[in-house]
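*Asks:* need a structure here:
(chains A and B, ligands or ions: 2)
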Amino acid sequence: MTEVVVRCSGVTRTYQDEAVPVYALRGVDFEVRRGEFVSLAGPSGSGKSTLLNVIGGLDRPNEGLIEVDGINLNDLSQSELSDMRLNKMGFVFQAYNLIPVLSALENVEFIMQLQGVGAAERSERARAALASLGISELEHRRPGELSGGQQQRAAIARAIVTNPVLLLADEPSANLDSHATEELLELLQRLNEERGVTIVTATHDPMVMSYAKRRINLRDGTIVEDAISAAALPAVR
Amino acid sequence: MPLKLLVQLSARNLSRHKRRNFMLLMAICVAVGGVTFMNSLIRGFQYDMQESAVANLTGHVKILAPGYLDDPSIAKSFKLAADWQPDIAAEELEGWAARIRIPAVIMSERETRGIQFVGVDPAQESISFLGDADYDGQSLRDASDNRVVIGRALAEQLETKVGRRLVIITQGADGLNREAGFRIAGVYDVEGTGLEKIFVFTGIKMLQQMVDAEVFTEVSIKLAGTPREFSVKVALAEFFTGLVVLDWQELEPQAAAMFLFADAAIFIWFLIMMGALIFGLVNTLITAVMERVRELGMLRAVGMRPGAVIVQVVLESTFMMALGVTIGIGMGVGLIFWAGDGIDLSEWAQGMEMAGMRSVLVPRLMIADLILVAGLSMVFGVLASLYPAWRAVKINPLEALRR
Ligand SMILES: Nc1ncnc2c1ncn2[C@@H]1O[C@H](COP(=O)(O)OP(=O)(O)OP(=O)(O)O)[C@@H](O)[C@H]1O
Ligand SMILES: [Mg+2]
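*Replies:* Ligands and ions are numbered 1, 2, ... in the order given. Next up, the predicted model:
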């Protein structure tokens, strides 16, 4: 039996918009198991980012339960949520993933500094992460000296270097051309298949969806389709 | 808390907007350097004024007969045993002098002036301005010298000079006027003309003879080191029952008020400079936080704790301040050494001499003032960062990343 990494049940998130509540999520139920590569799809405004943010503990639902790695996020304080994000999750955002005054290597190292990892182990792991994403030779460049695709790779290195139970990526390819997107997706796929990293992305991009093993379609804050890609089936452990 | 990371981030962030931060740094340097230099001038002024007040025949502590201050005459005098010595530890005592100081009229062939006629033992007067005055002619030889020394300004008024004779009229112990002729042994020169016009000196024995009484009107005591006027006063008051013991603050209330004012001026001056600076600092920090909203939001999103965000902003401000304070104090101290010989104010000094000041303002460096400026500046640096830090910690990572 595969372990459940994310469990959502009855998750509802509303925004109060001039007295009329806007439902970003209405009663979402689903689970993500270890080793899955899930893509949240759906039209703009369907609630993809909101769902990702609630799972990542960046946003709190109005109703419903979210468990990540067996921990109920509703029970956690703000700083406990901070620690949860730091130690159990990796984030890749659409942009602004990196700190401009730090080099690529330092950008990967700093997350471990927050965790209190010692200096020697830190630089060793950071170098290994950069190497696995194929950007070793760029380690001393600052983000401003990297292309969009290179920046996103450094961001993924930062996100996986802590060995998170869950990698969350919201529109990771939005600022990339199709070639860079393809490279990025191949990297994510490799991380998923070779290292068993659990990935949840939110995207518009059909190419991203095609790489994911499981596709969840959202519309108006509810799941309308949850399909496991036939081609990917044998890879699910 | 990952302090090393925060230190690294804060330090690097300072290099981000070089021109903006350089401007702010310069403002801090100029303010701190200016305050340091200005403080040294205020201190120079303050201690110069105190020294002149004390050297003004006052001393730190003075013993007088009751009523002398209201009616300074030979009637308000006292006797002193020939072997009297103040009962003060040697390392606390710089010196003392027993004098007669009474009003008199002085006449040359051409002019007449009112003066203070002072009988002194020249051996004791190292404690007053008389000790280090410059002379034309000679200074008084000893307590029995029957000549006079007068100030240059008075000599000019009287149109007289060394070697000439003068007539001095004053009241004797019996209340009757005495008149005597004196030869001018020397003309003394001190900074400022105030003293030169007022004080005429002769040997104390001579003056006692003239007023016909073996008495004194004052004993002036100058203390060494950091004067402890109060305890000395108490001890003296116990010994001289029936006499009045006063310290320099009571004798020169104006100078004493100025002395206290100078202490306050240092604070006021500092607060004004810092007050102006703080707006620039707060403004720069807020700008720095606001242009980093996305980055700070991202840091929070990936798990940096709110406390660490606060520390980062506070550190940034503290670094900036520390750098500015270090350079600023260096600049200020440099200025102090550059102006070490003093700034000649003689062009504007007419009024100042009245306040008992010399016309050259010599800066005086006090380590305690440097520590105060450095310490308070750092405190201000931290205070200035609190509001920007609060703004930084209020950043909602979601909203920041959505932008
Ligand atoms: N802070 C907010 N205040 C008010 N309404 C919000 C807020 N955030 C999201 N919403 C609303 O919630 C709904 C879902 O938004 P969400 O960002 O999750 O959509 P999405 O699927 O990620 O869209 P996109 O593909 O454009 O990124 C939308 O109707 C949106 O307008
Ligand atoms: Mg979205």
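
*Asks:* OK, contacts around residue 159?
*Replies:* Let's take chain A. A:Gly90, A:Phe91, A:Val92, A:Leu167, A:Ala169 (Cβ atoms under 8 Å, 6 or more residues apart in numbering or on different chains). Just so you know, the C-beta spots here come from the backbone N, C-alpha and C atoms, and that holds for glycine as well.

*Asks:* meant chain B actually
*Replies:* Per Cβ under 8 Å, 6+ apart, neighbours of B:Glu159: B:Ser108, B:Glu109, B:Arg110, B:Glu111.

*Asks:* who wins for most neighbours among those residues?
*Replies:* B:Ser108 (20 neighbours; other Cβ atoms under 10 Å in any protein chain shown).

*Asks:* Closest to B:Ala265 out of the contacts of A:Ala159?
*Replies:* A:Phe91 (56.1 Å; Cβ to Cβ).

*Asks:* mind checking the SS state of that closest one?
*Replies:* strand (DSSP: H, G, I helix; E, B strand; the rest coil).

*Asks:* tally of neighbours for it?
*Replies:* Count around A:Phe91 with other Cβ under 10 Å applied: 26.

*Asks:* Leaving out the residues flanking it, which one is nearest to B:Lys79?
*Replies:* What sits nearest to B:Lys79 in space, not counting adjacent residues and going by Cβ to Cβ, 6 or more residues apart in numbering or on different chains, is B:Val215, at 5.6 Å.

*Asks:* how near is the one you found to A:Glu109?
*Replies:* To A:Glu109, B:Val215 is 88 Å away according to Cβ to Cβ, to the nearest Å.

*Asks:* Adding pLDDT and distance to B:Phe259 as columns, could you present the contacts of A:Ala159 in JSON lines?
*Replies:* Converted to JSON lines, the contacts of A:Ala159 look like this (pLDDT from 0 to 100; distance: Cβ to Cβ, whole Å):
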{"residue": "A:Gly90", "pLDDT": "94", "distance to B:Phe259": "67"}
{"residue": "A:Phe91", "pLDDT": "94", "distance to B:Phe259": "64"}
{"residue": "A:Val92", "pLDDT": "93", "distance to B:Phe259": "68"}
{"residue": "A:Leu167", "pLDDT": "95", "distance to B:Phe259": "71"}
{"residue": "A:Ala169", "pLDDT": "93", "distance to B:Phe259": "71"}
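
*Asks:* Relative to B:Ile221, which of those is nearest.
*Replies:* Once Cβ to Cβ is applied, the member of the contacts of A:Ala159 that ends up nearest B:Ile221 is A:Phe91, at 78.4 Å.

*Asks:* Which of B:Val215 and A:Glu109 has more residues huddled nearby?
*Replies:* Using other Cβ under 10 Å, the more surrounded residue of B:Val215 and A:Glu109 is A:Glu109, with 24 against 19.

*Asks:* contacting residues around stretch A:202-211?
*Replies:* Here stretch A:202-211 has contacts from A:37, A:39-41, A:44, A:48-49, A:51-52, A:169-174, A:178, A:181-182, A:185-186, A:188-189, A:201, A:215, using Cβ under 8 Å, 6+ apart.

*Asks:* if we go to 6 Å?
*Replies:* A:39-41, A:48-49, A:52, A:170-171, A:173, A:181, A:185, A:189, A:215 (Cβ atoms under 6 Å, 6 or more residues apart in numbering or on different chains).

*Asks:* Leaving aside the residues adjacent along the chain, what's closest to B:Arg12?
*Replies:* B:Arg12 sits nearest to A:Val101 (Cβ to Cβ, 6+ apart), 3.8 Å away.

*Asks:* And that neighbour, how far from A:Gln115?
*Replies:* From A:Val101 to A:Gln115 the distance is 20 Å (Cβ to Cβ).

*Asks:* Quick one: residues contacting B:Gly131.
*Replies:* Contacts of B:Gly131 (Cβ under 6 Å, 6+ apart): B:Glu125.

*Asks:* Just the local confidence number for the residue nearest to B:Val162 when sequence neighbours are not counted, please.
*Replies:* Closest residue to B:Val162 apart from its sequence neighbours, by Cβ to Cβ, 6+ apart: B:Gly137 at 3.5 Å. Confidence at B:Gly137, expressed as pLDDT, is 90.

*Asks:* wait, B:Gly137 sits on B:Gly186?
*Replies:* Yes. The pair B:Gly137 / B:Gly186 is scored as a contact, 3.6 Å apart, by Cβ atoms under 6 Å.

*Asks:* quick one, which of those two is more surrounded?
*Replies:* B:Gly186 (21 against 14).

*Asks:* The more buried one contacts B:Tyr135, correct?
*Replies:* Yes. Using Cβ under 6 Å, B:Gly186 makes contact with B:Tyr135 at a distance of 4.2 Å.

*Asks:* For B:Ile329, see how far away B:Ala308 is.
*Replies:* B:Ala308 is 31 Å from B:Ile329, where distance means Cβ to Cβ.

*Asks:* can you check A:Ile66 too?
*Replies:* 55 Å.

*Asks:* who's in contact with B:Val245?
*Replies:* Here B:Val245 is in contact with B:Ile63, B:Lys233, B:Leu236, B:Ala237 (Cβ under 6 Å, 6+ apart).

*Asks:* average model confidence for the helix or strand hosting it?
*Replies:* Per DSSP states H and E, B:Val245 falls inside strand B:244-247. Per-residue pLDDT values over strand B:244-247 give a mean of 90.

*Asks:* Repeat that for stretch A:5-16.
*Replies:* pLDDT averaged over stretch A:5-16 gives 92.

*Asks:* where does residue 227 land in three-state SS?
*Replies:* You didn't say which chain, so I picked chain A. strand.

*Asks:* my bad, chain B
*Replies:* Look at B:Pro227: counting by three-state DSSP, its state is coil.

*Asks:* Close to chain B: what parts of chain A are there?
*Replies:* Neighbours of chain B within chain A, by Cβ under 6 Å from any Cβ of the partner chain: A:58-59, A:79, A:82, A:85-86, A:91, A:93, A:96, A:99, A:101, A:110, A:113-114.

*Asks:* so which of the residues you listed is the most crowded?
*Replies:* A:Phe91 (26 neighbours).

*Asks:* Show the contacting residues for it.
*Replies:* So, once contact is read as Cβ under 6 Å, 6+ apart, A:Phe91 ends up touching A:Ala159, A:Leu168, B:Ala301, B:Val302.

*Asks:* Name the nearest residue to the first one, sequence neighbours excluded.
*Replies:* For A:Ala159, the nearest residue in space outside its immediate sequence neighbours is A:Gly90; the separation is 3.0 Å by Cβ to Cβ, 6+ apart.

*Asks:* now do the third one
*Replies:* Distance criterion Cβ to Cβ, 6+ apart; nearest residue to B:Ala301, sequence neighbours excluded, is B:Pro397 at 4.0 Å.

*Asks:* Check the spacing between that neighbour and A:Gly134 real quick.
*Replies:* 29 Å.

*Asks:* Same drill for these two, tell me which one is more crowded.
*Replies:* B:Pro397 (25 against 13).

*Asks:* residues near whatever residue of the stretch 51-200 of chain B ends up closest to ligand 1, how many?
*Replies:* Closest residue of the stretch 51-200 of chain B to ligand 1, Cβ to the nearest ligand atom: B:Glu51 (70.9 Å). As a burial measure, B:Glu51 scores 14 neighbours (other Cβ under 10 Å).

*Asks:* Go ahead and flag the most central residue of the chain.
*Replies:* No chain specified, so I'll use chain A. Nearest to the mean C-alpha position of chain A, by Cα atoms, centre = their mean, lies A:Leu168 at 0.9 Å.

*Asks:* that answer is for a different chain, and I need it for chain B
*Replies:* Short answer for chain B (Cα atoms, centre = their mean): B:Gln46, at 1.6 Å.

*Asks:* and the gap between that residue and chain A?
*Replies:* 47 Å (Cβ to the nearest Cβ, to the nearest Å).
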